[in-house]
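Q: build me a structure from this.
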Amino acid sequence: MRMKTPSIALVALLVAALPLAACDESEQGRILRYEQGKYQGQPDTPLTEEQREALRHRMSGQSGS
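A: Numbers count the residues shown, from 1 in each chain. Model (predicted):
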């Protein structure tokens, strides 16, 4: 009956470690409750003046003028 005690302890240790191993780091900090009509993501980074000018240039080519 002495052999069952270490195996029971090992199984208990594995069962206790399973939830910790299941936690993926990429899942941490994500939004769990969503609010309708409200954006909760990361704010956008502002465009540089060069990026704005490139967009203006593309837009002028697409407008047909």
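Q: poorly predicted segments of this structure, please.
A: Within the chain, the segments meeting pLDDT under 70 span 1-5, 64-65.
Q: show me where it has helices.
A: Using DSSP state H, the helices of the chain run over 4-22, 49-62.
Q: got TSV for those helices, with mean neighbour count and distance to residue 32 too?
A: Backbone N, C-alpha and C define where each C-beta goes, glycine included. Converted to TSV, these look like this (neighbours: other CB atoms under 10 Å; distance: least, CB to CB, whole Å):
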stretch	mean neighbour count	distance to residue 32
helix 4-22	9	16
helix 49-62	10	34
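Q: residue 43 is nearest to which of these?
A: helix 49-62 (16.5 Å; CB to CB).
Q: chain center to that closest one: distance?
A: Computed by CA atoms, centre = their mean, to the nearest Å, the chain-centroid distance of helix 49-62 equals 32 Å.
Q: before we move on, the earlier item: can you redo the helices of the chain as a markdown table with distance to residue 42?
A: A markdown table is the format used below for the helices of the chain (distance: least, CB to CB, whole Å):
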| stretch | distance to residue 42 |
| --- | --- |
| helix 4-22 | 26 |
| helix 49-62 | 18 |
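Q: need the contact partners of stretch 37-56.
A: Here stretch 37-56 makes contact (CB atoms under 8 Å, 6 or more residues apart in numbering) with 31, 34.
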